[in-house]
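# Have a look; sequence and predicted model below, questions after that.
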Amino acid sequence: LEAAEVLSVRPSITGEAGGALVTVLGSGFAHVEGLACRFGRAGAVSAQWESSTAVVCVAPAHVIGNATVEVSSNGVDFTASGRRLAYAPSVSWRLSAASGP
């Protein structure tokens, strides 16, 4: 069995509030029930297996800064690839009607 490795994370930047779908690209990802992603110190979240080279996770909330993203097939033993996701200040948009004559 090939050892899993994270090669890149897409997107590479997300908001600190979390909630974005993050695709983790790499190799050796197993199609198992315990598949998980870990985002820095934010803890592990379940992952959706797409292929042996891609999994998708929902980024949890995290403090502004960089978080390493790692993958596990059992929720305990994670890759140690060191690829990072940057957390930036979350942007909220508010629309309001323009006043007129």
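Yep, that arrived.
# what does the average pLDDT come to for the strand or helix carrying residue 23?
Residue 23 belongs to strand 21-27 when elements are defined using DSSP states H and E. What strand 21-27 shows for mean pLDDT is 97.
# What is the subsequent helix or strand relative to it?
From strand 21-27, the next helix or strand downstream (DSSP H and E) is strand 36-39.
# So which other helices or strands are in contact with that following strand?
Applying 3 or more C-beta pairs under 8 Å, 6 or more residues apart in numbering; DSSP states H and E, we find strand 36-39 packed against strand 44-51, strand 54-58, strand 65-72. Placement of C-beta: from N, CA and C, glycine included.
# The shortest one pairs with which strands?
Strand 54-58 has the following sheet partners, assigned by DSSP bridges: strand 21-27 (antiparallel), strand 44-51 (antiparallel).
# That strand to strand 65-72, inter-axis angle?
130 degrees (axes from the mean of the first three to the mean of the last three C-alpha atoms, to 10 degrees).
# What is the distance between strand 54-58 and the centre of its chain?
7 Å (C-alpha atoms, centre = their mean, to the nearest Å).
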